[in-house]
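Visitor: what follows is a predicted protein model with its sequence.
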Amino acid sequence: MGYESEATTVALSGVIAEADHARTARYADDAGRVLAAAPKSQRQAGHHLRELVKALLLAANPLFAAGNTTKNFNLRQYRLGRWLVAIVALFGSAMPAMAEPGVTDSEIVIGMFAPLSGPLVTYGLDPVQTAQMLYEQVNQKGGIHGRKIRVVVEDDKCQATALVAAVKKLATVDNVFILHGGSCTAAVTAAQEFITREKIPLVMLVAAGDPGVFPPTRYMFGSFGGTQRLYAAALTEFAARQLKSKRLAIIVHDDEYGNASLATAKAVAARYGIEVVAVERVPLNINDLTAPMLNIRAAKPDAILSGAYPAPAVLVAQKYAEYGMTATPLLEMTQGIPTASVFAKNVGNEAALRNFYYSWAQNDVGDEALRQKWTSMYKSRYPDREPGGFMIIGVPSTVAIIAALERAGPNLTRERFVDAMETLEVKHEVMAGPIKFAPGRRDAIRDVNVVKFDGKTQTVMPGIYSWNGMDGN
Amino acid sequence: MSPIILQAIASGLVTGCVYALVSLSLVIVYKSVDLLNFGGGELVMVGGYLALLVVVRFGFGYLMIFPVVIAVGFAIGALFDRIPLNWIRRGHAPGTVIVPMIVATLGLSYLLKGAVRVIPYTEEPRRLEPLWRGEPLFIGDVVLQWQDVGIVAVTAVIMLGLWLFFRFTLLGKALRAISQNPRAAALVGIPVTTLRMAVWGLSSAIAGIAGVLLAPKLLMTPDMGSIVMMGFASAIIGGFTSLPGCVIGGMIIGVVQNLVGILISPQAIAVTPFFIIMIVLVVRPQGLLGEVIAAKKV
Amino acid sequence: MFGAPTPRQFIPIAILIVLGLVLPLVLPQYFLYIGNLLMMYAVLALGFDILLGWSGQFAFAHIAFFGVGIYGTALLQIRLGIPFVIGMPIAALGAGLIGFLIGVPATRLRTVYLALATFAFAECAQWVFRTWDSVTNGTDGVRIPAPRIFGFIVEKDASAFPVLALILALVLVSMLFLSTSKFARSLGAIRESEHVAAVSGINVAFVKVLAFTISAVYAGIAGGMYTLFQSFVSPDALDVTLLVLLLSMLVVGGSGSIPGVVIGVVLMGVFPEILRFAPPRLLVWQEFVYGLIIVLAIMFMPRGVWGIVQARAQRKTSLAVKHELMEGNKEAQRYPDGIALLDSRFDAPLRRPASAQSLHDGR
């Protein structure tokens, strides 16, 4: 931000030329000394400006200057002066005047954002509250290297414009240390250029964020619930190895999620020698799946891979049962099943789930004790809210941030934080696999469980299914 | 014809009936007060959620759904007409009153959507159990659910009832009079305000019923209201002033969508109704069965 | 007001340019970003108003032209290397061309059908943006590189702000001239009654198509403005939500007048930002509040905030005249009937039928 301080200094110093030379030579010396001293940091620049204004005021108004130097200068004499200094102080505070934004000796400020209104609230409120809960636990234990974590939360409505506004407010008005948030891939990608330019680390919350992490950029970390590529790869591999499938049918949406999963599924299928016999790309708001399901049935697949969102996923399962395809295994990617029991109730047909599997990157499925532990932890903190299925996905990103903050040490800067994140490999009871980054890698999770769900019981299939980071890329 | 095409047509006819119900509710309002109700979709959504509430939350039987939905739907519609719309009417000259009223219906749609969205229960998609259950019905190779048959039956009954009402009863004629020339109708002694309110109430009640029938077939989310566009498309194809027209229009859209999905690509399904709207309005604005639109004299 | 624009009307534009140069030096990026958004919305809404407010055409295709402007400017730069200064006018003219093509059939349709047909067109356009992968990258969206203007790279909000202010100033100047032209008078006549307008010698079809075209060009310009300060565009941004936002700006601020539209843009554009101060749990009520604002605004402020301001001003003038006549003029006392007539007229309620007012309204 040197540009702003230099500009104002240059602008204000024009005043000196107007003043009385003889009387002001002394005061111009003061001003000159101030100008000559190069600001060592922005904090000093603000201070220098204030001194400069005092010098200029003296220079410009010789009548009041008699007997004053900058040292015993009394601003109270000048109403105008007070206004000028106030404006200059505004200049000063508008620039990030701290050594490292968001970090003081006693606290670290984290800016969170998620959809707290609009259609995707279920991906927003619960994960944010889970994260806040975990940050509070850390604070209760004394904080990180003596600093408590303070959270500022904004609503991004899962829309690009609102998300960018929220991010810019957190960064330039609240001066947060890092950004933690984002549940919708397309919206989060819109902020990438800004955070890369301003060098502010952004750790995604729930978003898979495929276009934000491929190709990887230094400051953006994501995919704490797994990427689209991961779900597609894992389920395709499962179909190949466990179900011995040879003919795969794929149904996805025609958005960037769908594109990514389709490409990866095809690549993994090729690797295992599976033929892709049908590809159906359907609109987001589709409410009659007759056509795609009939097309798929006609292609006679021995496994069906679906990347549908929650509402269409139910319709897929229903139509699949209606058209008598339940002998063929149906594999659904994570985003379609926020809460398995609700999914089953919506499908309303036990026969439809005879051969149903889905991917899930967390361990709370099939491990009732774990699920109870986290649900009751959440409910004791937020008694008036019943957590939805995505509550648990607030955990991995928060755990990663806390670990990286610890690792970055007491001398905390954004660059140190990014370096710490890059070397992270964290195993946590909630995740099926480790959270891992690397210099060329910004997607956190590459391992999932595959779960067989018959409407009542969830059985975790043996083995963890992983994505090698290459297929379909 | 291949069994796939037959199935597509059959399913399309059923979905089309749902669209037809939505468009029936829209056309009733149009026939009576010459107004597009952009909030119609949300009224459908509210009907569906009410049904969910009655059955799931309060545990009443299915038979209770209809009286509750009809009553609440009627109330919302009537209130909306009585308060905001009447106020707007009083403040504007007849020529310029349409635009603000349409904007008000848009506001209504957000009001309803926002009110429903606040309830945490609505965050995840929900489904209502079908009213008519049982093993699917097979006609040759074609599969139909009993719920589908029910939808078609209810649509036919409602359409017939409304058609008879508008054509042959005094009340129906009075409503058509109001739409053609409100001042003259008032002069002749028709209680315009009350009847308008009743029409709005009726239209909202029908929209609510459409929601109840729809809920088992689709998933309930607060954003279901986008189905209003299908309703408009059906009404345009069939003719905005014709009730049998909107049913036919709805079925055409349902079938064409499925056929497009099979023969062209499922990606094109989303754009089909809009494309049809544009083409029909340019080529034959009165639709299949509508009256030819004469410009209103001022 | 008809006739040439007065010099006084240019003062706000001058202030705008000054602010455009000064504010980036002072404000944090967040405020500059919001400012950029508002300026872009202002151009978009002003163009929309030409159809909705000036000519009473309920045409909802505006977002499609906006999209053409965005994708056009961005893709011309990425694919063909055409710089912003040339690319944006081309994209805006392209949008205008499409507006013309839509206008020709659209002018035959009545209000409600026009609304549906143009809305359908906007949805089709969004579908094209989503599906035409080879050109628009479909749902993956397009990353917009920072435009270069005469060698300057416009990257940060601070650098984009003065450029946007300049473009908005030029748009406002053109709107000022446009709003006092014969074109605007013809549109006003058409809004009141197409029959009377036709009979008075206005070529209704031609003027309507011209309105469509000009409105689309403004939308295209707004699209170019988008590329100046946003780094990413995807078809999701061009949906019904944006249309309803624009409509609410016009409804709340006051359609048909430039100050009204600008007020509406500021109020509805800043509204979501003000909501940031609300507790997070309450944010989910936003849509409901939004709907309430729309319904209440259209009920109680049919001519928007600006309409209320104008009505107050008129009422003050009327009251001043009345007092002048009654107290200052002894002669008037001799005609109590006349005074009674004056009384009733000047005490008339603020809400008057819109059509009676509009012909005498200032702009």
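Guide: That came in fine, so what should we check first?
Visitor: got the confidence number for the residue lying closest to residue A:285 once chain neighbours are set aside?
Guide: Nearest residue to residue A:285, sequence neighbours excluded (C-beta to C-beta, 6 or more residues apart in numbering or on different chains): residue B:226, at 6.2 Å. Placement of C-beta: from N, CA and C, glycine included. Per-residue pLDDT puts residue B:226 at 83.
Visitor: same thing with residue C:338?
Guide: Residue-level pLDDT assigned to residue C:338 equals 61.
Visitor: what does residue C:92 give?
Guide: For residue C:92, pLDDT reads 95.
Visitor: do you know how far it is from chain A?
Guide: Look at residue C:92 and chain A: by C-beta to the nearest C-beta, to the nearest Å, they are 21 Å apart.
Visitor: go on, residue B:55?
Guide: As judged by C-beta to the nearest C-beta, residue B:55 and chain A stand 13 Å apart.
Visitor: shouldn't residue A:259 be in contact with residue C:131?
Guide: No - applying C-beta atoms under 8 Å, one finds residue A:259 not in contact with residue C:131, separated by 11.9 Å.
Visitor: who has more neighbours, these two?
Guide: In this view residue A:259 and residue C:131 are compared by other C-beta atoms under 10 Å in any protein chain shown, and residue A:259 has more residues nearby, 23 against 19.
Visitor: which strand or helix spans the more buried one?
Guide: Assigning secondary structure by DSSP states H and E places residue A:259 in helix A:256-272.
Visitor: for that helix, the averaged confidence score.
Guide: 90.
Visitor: that one and chain C, any residue contact?
Guide: Yes - counting by C-beta under 8 Å from any C-beta of the partner chain, chain C is contacted by helix A:256-272 at A:256, A:258-259.
Visitor: circling back to that earlier point, now the common contact residues for residue A:259 and residue C:131.
Guide: Common neighbours of residue A:259 and residue C:131 (criterion: C-beta atoms under 8 Å, 6 or more residues apart in numbering or on different chains): residue C:138.
Visitor: list the buried residues of the helix holding residue A:259.
Guide: A:256-269 (16 or more other C-beta atoms under 10 Å in any protein chain shown).
Visitor: contacts for it?
Guide: A:185-186, A:208, A:210-211, A:227-229, A:231-233, A:235-237, A:240-241, A:248, A:250, A:252, A:275-276, A:279, A:281, A:305, A:307, A:333, A:335, A:467, A:471-473, C:138-141, C:234.
Visitor: same check, this time on stretch A:338-355
Guide: A:122, A:310, A:313-314, A:317-318, A:320-321, A:326-330, A:336-337, A:358, A:365, A:388-390, A:451, A:453-456, A:458, B:124-127, B:129-130, B:219.
Visitor: center of chain A - which residue?
Guide: By C-alpha atoms, centre = their mean, the mean C-alpha position of chain A lies nearest to residue A:204, the distance being 1.9 Å.
Visitor: surely that residue is in contact with residue A:223?
Guide: Yes - using C-beta under 8 Å, residue A:204 is in contact with residue A:223, at 7.0 Å.
Visitor: state the helix or strand in which residue C:288 lies.
Guide: Short version: residue C:288 belongs to helix C:286-300, going by DSSP H and E.
Visitor: that helix and chain B, are they touching?
Guide: Yes - applying C-beta under 8 Å from any C-beta, one finds helix C:286-300 in contact with chain B at C:286-295, C:298-299.
Visitor: low-confidence ranges in chain B?
Guide: Applying pLDDT under 70 to chain B flags the ranges B:1, B:93-95, B:292-298.
Visitor: what about the strands in it?
Guide: Assigned by DSSP state E, the strands in chain B fall at B:137-139, B:142-144.
Visitor: is any residue of the last one near chain A?
Guide: To tie it back to what came earlier, the one meant is strand B:142-144. Yes - for strand B:142-144, a contact with chain A is found by C-beta under 8 Å from any C-beta, at residue B:143.
Visitor: mind listing what that strand pairs with, with the direction of each?
Guide: Within its sheet, and counting by DSSP bridges, strand B:142-144 is paired with strand B:137-139 (antiparallel).
Visitor: contacting residues around the strand it pairs with?
Guide: By C-beta under 8 Å, 6+ apart, the list of residues contacting strand B:137-139 from outside reads B:10, B:143-146, B:149.
Visitor: one step back: among the buried residues of helix A:256-272, which one lies nearest to residue B:286?
Guide: Of all the buried residues of helix A:256-272, residue B:286 sits closest to residue A:258, with 39.7 Å by C-beta to C-beta.
Visitor: what does the stretch 51-200 of chain B have sitting close to chain A?
Guide: Contact residues, the stretch 51-200 of chain B versus chain A (C-beta under 8 Å from any C-beta): B:117, B:120, B:123-127, B:129-130, B:136, B:143, B:145.
Visitor: go with 7 Å
Guide: Residues of the stretch 51-200 of chain B found near chain A (C-beta under 7 Å from any C-beta of the partner chain) are B:123-127, B:129, B:136, B:143.
Visitor: where does pLDDT dip in the chain?
Guide: No chain was given, so I picked chain A. Chain A contains residues with pLDDT under 70 at A:1-98, A:472-473.
Visitor: correction: the question concerned chain C.
Guide: Ranges of chain C meeting pLDDT under 70: C:1-2, C:326-363.
Visitor: how about 80 then?
Guide: Within chain C, the ranges that satisfy pLDDT under 80 run C:1-5, C:111-112, C:139-140, C:151, C:278-281, C:320-363.
Visitor: double-check the residue nearest to residue A:285 against residue B:42; I have them as touching.
Guide: No - with contacts counted by C-beta atoms under 7 Å, residue B:226 stays clear of residue B:42, the gap being 9.7 Å.
Visitor: so between those two, which is more surrounded?
Guide: Taking other C-beta under 10 Å, residue B:226 and residue B:42 do not tie; residue B:42 has more neighbours (31 against 14).
Visitor: does the more buried one touch residue B:110 like I think?
Guide: No - assessed by C-beta under 7 Å, residue B:42 is found out of contact with residue B:110, at 8.2 Å.
Visitor: how about the helices in the stretch 351-473 of chain A?
Guide: Applying DSSP state H, counting those that start in this stretch to the stretch 351-473 of chain A gives helices spanning A:368-381, A:394-408, A:414-422.
Visitor: any chance of the residues of helix C:286-300 next to chain B in a markdown table, with distance to chain A and neighbour count too?
Guide: Listed next are these as a markdown table, based on distance: C-beta to the nearest C-beta, whole Å; neighbours: other C-beta atoms under 10 Å in any protein chain shown:
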| residue | distance to chain A | neighbour count |
| --- | --- | --- |
| C:286 | 5 | 22 |
| C:287 | 7 | 23 |
| C:288 | 10 | 19 |
| C:289 | 10 | 16 |
| C:290 | 10 | 23 |
| C:291 | 13 | 25 |
| C:292 | 15 | 16 |
| C:293 | 15 | 19 |
| C:294 | 17 | 25 |
| C:295 | 19 | 25 |
| C:298 | 23 | 26 |
| C:299 | 24 | 18 |
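Visitor: about what we covered before: CSV please, covering the helices of the stretch 351-473 of chain A and showing distance to chain C and mean neighbour count.
Guide: CSV is the format used below for the helices of the stretch 351-473 of chain A (distance: least, C-beta to the nearest C-beta, whole Å; neighbours: other C-beta atoms under 10 Å in any protein chain shown):
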stretch, distance to chain C, mean neighbour count
helix A:368-381, 14, 14
helix A:394-408, 14, 23
helix A:414-422, 17, 19
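Visitor: of the ones you listed, which is nearest residue A:133?
Guide: In terms of C-beta to C-beta, the element of these nearest to residue A:133 is helix A:368-381, at 4.9 Å.
Visitor: which neighbouring elements make contact with the closest one?
Guide: helix A:125-140 (3 or more C-beta pairs under 7 Å, 6 or more residues apart in numbering or on different chains; DSSP states H and E).
Visitor: among the residues of the stretch 51-200 of chain B next to chain A, which ones are buried?
Guide: Of these, these count as buried by 16+ other C-beta under 10 Å: B:123-127, B:143.
Visitor: now name the helix or strand holding the residue of chain A found nearest chain B.
Guide: Here chain A gets closest to chain B at one residue, residue A:291, 2.6 Å apart by C-beta to the nearest C-beta. Using DSSP H and E, residue A:291 sits in helix A:290-298.
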